[in-house]
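> Sequence below, structure please.
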Amino acid sequence: MDAVHAGSAAGRAPLRPGRALIAVLPFLLAVAVVTAVFWALRDRLPDPLAVHFTADGNSDDFASPAAFLTAWLGMPVVSGAVIGALVLRDEAAGALRWVIGVGYGMAAVFGYLGVVTLLGNADAGDASAVRIPLWHLGAMLGVALLAGAVGRLCAGRDRVRADAVRGPSEAVPSLALADGESAGWSRTVSSPALLVLGPGLLAAALLIGVTASWAGAACMAFASLLCIAFASVRVTVDRHGLTVASPLVSRPRLRIPLGRVAEAGTQQVSPLRDFGGWGYRIWSGRSGIVLRSGEALALRLADGRVFVVTVDDAATAAALLNALAGRSRTGAGPSAGRAPDPGRGV
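Residues are numbered from 1 along each chain as shown. Okay, here's the model as predicted:
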(Lines give C-alpha, C1' and ligand atoms only; values in the text may rest on other atoms or scores of the structure.)
Protein backbone atom coordinates (compact mmCIF):
# COMPACT_ATOMS: atom_id res chain seq x y z
CA MET A 1 0.00 0.00 0.00
CA ASP A 2 1.37 3.44 -0.82
CA ALA A 3 1.64 6.02 1.90
CA VAL A 4 -1.15 8.56 1.96
CA HIS A 5 -0.14 11.89 3.41
CA ALA A 6 -2.45 14.12 5.39
CA GLY A 7 -4.58 16.32 3.24
CA SER A 8 -3.69 14.65 -0.04
CA ALA A 9 -7.23 13.51 -0.70
CA ALA A 10 -9.01 16.60 0.41
CA GLY A 11 -6.45 19.36 -0.11
CA ARG A 12 -6.03 21.96 2.56
CA ALA A 13 -7.19 20.98 6.06
CA PRO A 14 -10.58 22.47 6.99
CA LEU A 15 -10.78 25.26 9.54
CA ARG A 16 -12.54 24.43 12.81
CA PRO A 17 -13.50 27.78 14.41
CA GLY A 18 -16.01 26.26 16.84
CA ARG A 19 -13.51 23.82 18.30
CA ALA A 20 -10.82 26.53 18.34
CA LEU A 21 -13.08 28.77 20.44
CA ILE A 22 -13.66 25.91 22.88
CA ALA A 23 -9.88 25.37 23.06
CA VAL A 24 -8.98 29.00 23.86
CA LEU A 25 -11.84 29.76 26.27
CA PRO A 26 -10.04 28.59 29.45
CA PHE A 27 -7.00 30.71 28.61
CA LEU A 28 -9.23 33.77 28.12
CA LEU A 29 -10.89 32.97 31.45
CA ALA A 30 -7.51 32.67 33.21
CA VAL A 31 -6.45 36.04 31.79
CA ALA A 32 -9.73 37.64 32.88
CA VAL A 33 -9.61 36.21 36.41
CA VAL A 34 -5.97 37.14 37.09
CA THR A 35 -6.54 40.63 35.67
CA ALA A 36 -9.66 41.13 37.80
CA VAL A 37 -7.92 40.01 41.01
CA PHE A 38 -4.90 42.20 40.24
CA TRP A 39 -7.13 45.22 39.64
CA ALA A 40 -9.06 44.61 42.86
CA LEU A 41 -5.86 44.27 44.94
CA ARG A 42 -3.67 46.83 43.14
CA ASP A 43 -3.61 49.27 46.08
CA ARG A 44 -2.79 46.50 48.59
CA LEU A 45 0.15 44.94 46.76
CA PRO A 46 3.79 45.58 47.74
CA ASP A 47 6.39 46.64 45.20
CA PRO A 48 8.13 44.37 44.43
CA LEU A 49 5.91 41.27 44.65
CA ALA A 50 7.03 37.82 45.74
CA VAL A 51 6.63 35.76 42.56
CA HIS A 52 8.54 32.53 43.21
CA PHE A 53 8.60 30.22 46.20
CA THR A 54 10.78 27.38 47.48
CA ALA A 55 9.58 23.88 48.33
CA ASP A 56 8.89 24.95 51.94
CA GLY A 57 6.73 27.89 50.76
CA ASN A 58 9.16 30.77 51.36
CA SER A 59 9.58 33.49 48.72
CA ASP A 60 12.91 33.59 46.87
CA ASP A 61 12.30 35.78 43.80
CA PHE A 62 10.60 39.12 43.26
CA ALA A 63 9.25 41.37 40.47
CA SER A 64 7.38 44.63 40.08
CA PRO A 65 3.58 44.40 39.81
CA ALA A 66 3.71 45.49 36.16
CA ALA A 67 6.33 42.84 35.29
CA PHE A 68 4.33 40.17 37.11
CA LEU A 69 1.14 41.03 35.28
CA THR A 70 2.88 41.14 31.90
CA ALA A 71 4.53 37.76 32.39
CA TRP A 72 1.51 36.10 33.94
CA LEU A 73 -0.83 37.22 31.20
CA GLY A 74 1.68 36.54 28.44
CA MET A 75 2.01 32.83 29.27
CA PRO A 76 -1.68 31.91 28.83
CA VAL A 77 -2.01 34.20 25.80
CA VAL A 78 0.88 32.49 23.98
CA SER A 79 -0.17 28.98 25.06
CA GLY A 80 -3.79 29.59 24.12
CA ALA A 81 -2.78 31.00 20.72
CA VAL A 82 -0.67 27.91 19.93
CA ILE A 83 -3.36 25.43 20.97
CA GLY A 84 -6.09 27.45 19.27
CA ALA A 85 -4.10 27.53 16.01
CA LEU A 86 -3.53 23.75 16.14
CA VAL A 87 -7.23 23.12 16.60
CA LEU A 88 -8.32 25.76 14.09
CA ARG A 89 -6.09 24.32 11.36
CA ASP A 90 -7.13 20.77 12.28
CA GLU A 91 -3.47 19.96 12.95
CA ALA A 92 -4.49 18.13 16.14
CA ALA A 93 -6.80 15.68 14.38
CA GLY A 94 -6.72 12.32 16.10
CA ALA A 95 -5.47 13.84 19.35
CA LEU A 96 -7.96 16.70 19.60
CA ARG A 97 -9.50 15.67 22.92
CA TRP A 98 -6.06 15.28 24.48
CA VAL A 99 -4.85 18.63 23.14
CA ILE A 100 -7.90 20.51 24.43
CA GLY A 101 -7.83 18.63 27.75
CA VAL A 102 -4.17 19.49 28.31
CA GLY A 103 -4.92 23.10 27.38
CA TYR A 104 -7.66 23.33 29.98
CA GLY A 105 -5.28 21.92 32.59
CA MET A 106 -2.56 24.43 31.66
CA ALA A 107 -5.00 27.33 31.83
CA ALA A 108 -6.14 26.17 35.27
CA VAL A 109 -2.53 26.15 36.49
CA PHE A 110 -1.91 29.66 35.14
CA GLY A 111 -5.07 30.99 36.73
CA TYR A 112 -4.64 29.24 40.08
CA LEU A 113 -1.01 30.24 40.57
CA GLY A 114 -1.68 33.82 39.47
CA VAL A 115 -4.56 34.29 41.90
CA VAL A 116 -2.77 32.55 44.81
CA THR A 117 0.34 34.67 44.26
CA LEU A 118 -1.66 37.90 44.28
CA LEU A 119 -3.68 36.93 47.34
CA GLY A 120 -0.51 35.88 49.18
CA ASN A 121 1.07 39.29 48.48
CA ALA A 122 -1.97 41.33 49.47
CA ASP A 123 -1.33 43.58 52.48
CA ALA A 124 2.23 42.31 52.84
CA GLY A 125 4.54 45.05 54.08
CA ASP A 126 7.61 43.07 53.04
CA ALA A 127 7.45 40.74 50.06
CA SER A 128 10.29 38.62 51.47
CA ALA A 129 7.94 37.55 54.29
CA VAL A 130 5.25 36.23 51.91
CA ARG A 131 4.70 32.46 52.16
CA ILE A 132 2.57 30.13 50.05
CA PRO A 133 1.59 26.96 51.97
CA LEU A 134 2.63 23.70 50.33
CA TRP A 135 -0.94 22.39 50.26
CA HIS A 136 -1.61 24.79 47.38
CA LEU A 137 0.49 22.50 45.15
CA GLY A 138 -1.90 19.60 45.70
CA ALA A 139 -4.91 21.85 45.26
CA MET A 140 -3.49 23.22 42.00
CA LEU A 141 -2.94 19.71 40.62
CA GLY A 142 -6.49 18.75 41.58
CA VAL A 143 -7.93 21.81 39.85
CA ALA A 144 -5.78 21.13 36.76
CA LEU A 145 -6.96 17.50 36.53
CA LEU A 146 -10.59 18.55 36.92
CA ALA A 147 -10.20 21.25 34.28
CA GLY A 148 -8.51 18.76 31.93
CA ALA A 149 -11.43 16.35 32.32
CA VAL A 150 -13.88 19.16 31.55
CA GLY A 151 -11.83 20.08 28.49
CA ARG A 152 -11.96 16.53 27.14
CA LEU A 153 -15.75 16.48 27.58
CA CYS A 154 -16.17 19.85 25.90
CA ALA A 155 -13.99 18.78 22.97
CA GLY A 156 -16.57 16.22 21.88
CA ARG A 157 -15.81 13.28 19.64
CA ASP A 158 -12.58 13.29 17.70
CA ARG A 159 -13.03 11.96 14.17
CA VAL A 160 -10.24 11.17 11.77
CA ARG A 161 -10.35 10.24 8.09
CA ALA A 162 -8.51 7.07 7.21
CA ASP A 163 -7.27 8.57 3.94
CA ALA A 164 -5.86 11.61 5.73
CA VAL A 165 -3.59 9.79 8.18
CA ARG A 166 -0.34 8.31 6.93
CA GLY A 167 -0.51 4.58 7.58
CA PRO A 168 1.79 1.67 6.66
CA SER A 169 4.22 2.62 3.91
CA GLU A 170 4.72 -0.96 2.80
CA ALA A 171 1.95 -3.55 2.61
CA VAL A 172 2.73 -6.95 4.09
CA PRO A 173 0.81 -10.04 2.98
CA SER A 174 -0.73 -12.29 5.59
CA LEU A 175 1.38 -15.10 6.93
CA ALA A 176 0.16 -18.48 5.71
CA LEU A 177 -1.24 -20.35 8.69
CA ALA A 178 -2.72 -23.81 8.35
CA ASP A 179 -6.13 -24.56 9.84
CA GLY A 180 -5.75 -24.95 13.57
CA GLU A 181 -2.17 -23.66 13.54
CA SER A 182 -1.12 -21.20 16.24
CA ALA A 183 1.82 -18.80 16.17
CA GLY A 184 3.39 -16.05 18.19
CA TRP A 185 6.11 -13.42 17.74
CA SER A 186 8.02 -11.26 20.19
CA ARG A 187 10.94 -8.83 20.15
CA THR A 188 12.50 -6.40 22.63
CA VAL A 189 13.47 -2.89 21.51
CA SER A 190 15.48 -0.38 23.55
CA SER A 191 16.00 3.36 23.46
CA PRO A 192 19.69 4.37 23.68
CA ALA A 193 18.63 7.88 24.70
CA LEU A 194 16.52 6.68 27.65
CA LEU A 195 19.18 4.17 28.73
CA VAL A 196 21.55 7.13 29.14
CA LEU A 197 18.99 9.65 30.41
CA GLY A 198 17.66 7.44 33.24
CA PRO A 199 20.93 7.03 35.17
CA GLY A 200 21.84 10.63 34.35
CA LEU A 201 18.65 11.91 35.97
CA LEU A 202 19.23 9.69 38.99
CA ALA A 203 22.70 11.14 39.48
CA ALA A 204 21.29 14.66 39.11
CA ALA A 205 18.58 13.85 41.67
CA LEU A 206 21.20 12.80 44.23
CA LEU A 207 23.18 15.98 43.57
CA ILE A 208 20.09 18.18 43.94
CA GLY A 209 19.08 16.37 47.12
CA VAL A 210 22.47 16.88 48.75
CA THR A 211 22.98 20.49 47.65
CA ALA A 212 19.46 21.95 47.43
CA SER A 213 16.09 20.30 48.03
CA TRP A 214 15.12 16.66 48.56
CA ALA A 215 11.60 17.49 47.35
CA GLY A 216 12.96 18.51 43.95
CA ALA A 217 15.27 15.50 44.00
CA ALA A 218 12.31 13.15 44.56
CA CYS A 219 10.56 14.42 41.42
CA MET A 220 13.70 13.96 39.33
CA ALA A 221 14.31 10.51 40.83
CA PHE A 222 10.78 9.49 39.88
CA ALA A 223 11.40 10.65 36.30
CA SER A 224 14.65 8.67 36.33
CA LEU A 225 12.88 5.48 37.39
CA LEU A 226 10.29 5.95 34.63
CA CYS A 227 13.08 6.33 32.05
CA ILE A 228 14.83 3.20 33.30
CA ALA A 229 11.63 1.12 33.47
CA PHE A 230 10.51 2.03 29.96
CA ALA A 231 13.89 2.35 28.23
CA SER A 232 13.09 -1.08 26.75
CA VAL A 233 9.74 -2.57 25.75
CA ARG A 234 8.74 -6.04 24.64
CA VAL A 235 6.51 -6.16 21.57
CA THR A 236 4.38 -9.31 21.27
CA VAL A 237 1.98 -10.50 18.58
CA ASP A 238 -0.25 -13.47 19.37
CA ARG A 239 -3.90 -14.51 19.51
CA HIS A 240 -4.59 -11.58 21.85
CA GLY A 241 -3.39 -9.03 19.28
CA LEU A 242 -0.48 -6.63 19.75
CA THR A 243 0.91 -6.11 23.26
CA VAL A 244 3.63 -3.63 24.23
CA ALA A 245 4.94 -3.70 27.80
CA SER A 246 8.09 -3.06 29.79
CA PRO A 247 10.12 -6.22 30.46
CA LEU A 248 10.75 -4.90 34.00
CA VAL A 249 7.18 -4.15 35.12
CA SER A 250 3.96 -5.84 34.02
CA ARG A 251 1.83 -2.68 34.29
CA PRO A 252 1.06 -0.43 32.59
CA ARG A 253 0.90 -2.19 29.25
CA LEU A 254 -0.67 -1.34 25.91
CA ARG A 255 -2.77 -3.90 24.06
CA ILE A 256 -4.53 -3.61 20.70
CA PRO A 257 -6.90 -6.57 20.19
CA LEU A 258 -7.18 -8.26 16.81
CA GLY A 259 -10.68 -6.86 16.30
CA ARG A 260 -9.25 -3.32 16.09
CA VAL A 261 -6.61 -4.15 13.46
CA ALA A 262 -7.72 -3.30 9.91
CA GLU A 263 -4.26 -3.66 8.33
CA ALA A 264 -0.67 -4.14 9.46
CA GLY A 265 2.45 -3.13 7.55
CA THR A 266 5.83 -1.50 8.02
CA GLN A 267 7.37 1.92 7.62
CA GLN A 268 10.51 3.87 8.44
CA VAL A 269 10.15 6.26 11.38
CA SER A 270 12.11 9.32 12.43
CA PRO A 271 11.10 10.24 16.01
CA LEU A 272 11.58 14.00 15.69
CA ARG A 273 10.28 14.41 12.15
CA ASP A 274 7.27 12.09 12.45
CA PHE A 275 6.28 12.37 16.11
CA GLY A 276 8.15 15.31 17.60
CA GLY A 277 10.16 13.18 20.04
CA TRP A 278 10.66 9.83 21.70
CA GLY A 279 8.45 7.71 23.97
CA TYR A 280 4.67 7.34 23.80
CA ARG A 281 3.51 9.87 21.22
CA ILE A 282 0.11 11.09 19.97
CA TRP A 283 -0.16 13.33 16.91
CA SER A 284 -2.60 13.94 14.05
CA GLY A 285 -4.47 10.66 14.09
CA ARG A 286 -1.33 8.70 14.82
CA SER A 287 0.00 7.33 18.08
CA GLY A 288 2.95 5.16 18.81
CA ILE A 289 5.75 3.97 21.01
CA VAL A 290 8.83 5.42 19.37
CA LEU A 291 12.13 4.52 21.04
CA ARG A 292 14.49 4.91 18.08
CA SER A 293 14.71 5.68 14.39
CA GLY A 294 14.30 3.06 11.69
CA GLU A 295 11.99 0.13 11.07
CA ALA A 296 8.56 0.16 12.67
CA LEU A 297 5.41 -1.93 12.78
CA ALA A 298 2.47 0.24 11.59
CA LEU A 299 -1.17 -0.67 12.21
CA ARG A 300 -4.15 0.91 10.51
CA LEU A 301 -6.93 0.57 13.08
CA ALA A 302 -10.63 0.09 12.45
CA ASP A 303 -11.43 3.71 13.42
CA GLY A 304 -8.95 5.14 10.88
CA ARG A 305 -6.20 5.91 13.34
CA VAL A 306 -2.68 4.54 13.00
CA PHE A 307 -0.51 3.00 15.70
CA VAL A 308 3.26 2.64 15.26
CA VAL A 309 5.90 0.87 17.33
CA THR A 310 9.57 0.86 16.38
CA VAL A 311 10.90 -2.69 16.41
CA ASP A 312 13.17 -4.99 14.40
CA ASP A 313 11.67 -7.67 12.12
CA ALA A 314 8.49 -5.59 11.81
CA ALA A 315 7.54 -7.32 8.52
CA THR A 316 7.18 -10.70 10.27
CA ALA A 317 5.05 -9.15 13.01
CA ALA A 318 2.84 -7.41 10.42
CA ALA A 319 2.39 -10.63 8.42
CA LEU A 320 1.33 -12.54 11.52
CA LEU A 321 -1.00 -9.75 12.64
CA ASN A 322 -2.67 -9.68 9.23
CA ALA A 323 -3.18 -13.44 9.37
CA LEU A 324 -4.54 -13.48 12.92
CA ALA A 325 -6.76 -10.42 12.35
CA GLY A 326 -8.15 -11.93 9.15
CA ARG A 327 -8.86 -15.17 10.96
CA SER A 328 -10.56 -13.22 13.75
CA ARG A 329 -12.82 -11.39 11.26
CA THR A 330 -13.91 -14.63 9.60
CA GLY A 331 -14.60 -16.28 12.92
CA ALA A 332 -12.00 -19.00 12.42
CA GLY A 333 -9.65 -19.82 15.25
CA PRO A 334 -6.80 -22.15 16.01
CA SER A 335 -7.83 -25.39 17.59
CA ALA A 336 -4.41 -26.93 17.75
CA GLY A 337 -0.79 -26.21 17.29
CA ARG A 338 2.05 -24.89 19.38
CA ALA A 339 3.38 -21.34 19.48
CA PRO A 340 7.07 -21.07 18.70
CA ASP A 341 9.67 -19.64 21.05
CA PRO A 342 8.78 -15.91 21.41
CA GLY A 343 12.45 -15.03 21.30
CA ARG A 344 12.82 -16.56 17.83
CA GLY A 345 9.70 -15.10 16.23
CA VAL A 346 7.52 -17.04 13.78
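
> all contacts plus neighbour counts: C-alpha atoms, from now on.
Noted.

> contacting residues for the residue nearest to T310 when sequence neighbours are not counted?
Counting by C-alpha to C-alpha, 6 or more residues apart in numbering, T310 lies nearest to A296, which is 3.9 Å off, once chain neighbours are set aside. For A296, the contacting residues are 266-269, 308-312, 314, by C-alpha atoms under 8 Å, 6 or more residues apart in numbering.

> In helices, which of the residues you listed fall?
A314 (DSSP state H).

> Pipe the contacts of A296 into JSON lines and attach pLDDT and neighbour count per row.
Shown next, in JSON lines, are these (pLDDT from 0 to 100; neighbours: other C-alpha atoms under 10 Å):
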{"residue": "T266", "pLDDT": "89", "neighbour count": "27"}
{"residue": "Q267", "pLDDT": "87", "neighbour count": "20"}
{"residue": "Q268", "pLDDT": "87", "neighbour count": "16"}
{"residue": "V269", "pLDDT": "84", "neighbour count": "20"}
{"residue": "V308", "pLDDT": "90", "neighbour count": "24"}
{"residue": "V309", "pLDDT": "91", "neighbour count": "26"}
{"residue": "T310", "pLDDT": "90", "neighbour count": "28"}
{"residue": "V311", "pLDDT": "90", "neighbour count": "26"}
{"residue": "D312", "pLDDT": "90", "neighbour count": "17"}
{"residue": "A314", "pLDDT": "89", "neighbour count": "22"}
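
> Okay, buried residues for the helix or strand harbouring the residue nearest to T310 please.
If you go by DSSP states H and E, A296 is part of strand 294-301. Buried residues in strand 294-301, counted by 16 or more other C-alpha atoms under 10 Å: 295-301.

> for the chain, which spans come out with low pLDDT?
With pLDDT under 70 as the threshold, the chain has low-confidence stretches at 1-16, 89-95, 157-167, 169-171, 212-216, 283-284, 331-346.

> Would you map the strands across the stretch 51-200 of the chain?
For the stretch 51-200 of the chain, the strands defined by DSSP state E, counting those that start in this stretch occupy 59-63, 170-171, 185-190.

> Quick check: can you name the pairing partners of the last one and their directions?
Using DSSP bridges, strand 185-190 pairs in its sheet with strand 232-238 (antiparallel).

> now the strand it pairs with, how far from the centre of its chain.
Centroid separation for strand 232-238 versus its chain: 20 Å, with C-alpha atoms, centre = their mean, to the nearest Å.

> what's whatever helix or strand comes next after that strand packed up against?
Downstream of strand 232-238, the first helix or strand assigned by DSSP H and E is strand 241-245. Counting contacts by 3 or more C-alpha pairs under 8 Å, 6 or more residues apart in numbering; DSSP states H and E, strand 241-245 is packed against strand 232-238, strand 253-256, helix 314-330.

> Pairing partners for the shortest one, with directions?
Right, strand 253-256. Checking strand 253-256 against DSSP bridges gives partners strand 241-245 (antiparallel).

> neighbouring contacts of the strand it pairs with?
Contacts of strand 241-245 (C-alpha under 8 Å, 6+ apart): 233-237, 251-258, 321, 324-325.

> From the chain's centre, how far out is that strand? Work that out for me.
With C-alpha atoms, centre = their mean, you get 19 Å for strand 241-245.

> Tell me what angle it forms with helix 314-330.
Here the directions of strand 241-245 and helix 314-330 differ by 130 degrees (axes from the mean of the first three to the mean of the last three C-alpha atoms, to 10 degrees).

> report the angle between the axes of strand 241-245 and strand 294-301?
Going by the same axes, to 10 degrees, strand 241-245 makes 130 degrees with strand 294-301.

> thinking again about what came up before, would you list the contacts of A296 in JSON lines and tack on distance to N121?
Conversion of the contacts of A296 to JSON lines gives the following (distance: C-alpha to C-alpha, whole Å):
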{"residue": "T266", "distance to N121": "58"}
{"residue": "Q267", "distance to N121": "56"}
{"residue": "Q268", "distance to N121": "54"}
{"residue": "V269", "distance to N121": "50"}
{"residue": "V308", "distance to N121": "50"}
{"residue": "V309", "distance to N121": "50"}
{"residue": "T310", "distance to N121": "51"}
{"residue": "V311", "distance to N121": "54"}
{"residue": "D312", "distance to N121": "57"}
{"residue": "A314", "distance to N121": "58"}
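
> In strands, which of the contacts of A296 appear?
266-269, 308-310 (DSSP state E).

> Nearest to L41 among the residues you listed?
V308 (51.9 Å; C-alpha to C-alpha).

> Enumerate every residue touching the closest one.
Taking C-alpha under 8 Å, 6+ apart, we find V308 in contact with 286-290, 296-299.
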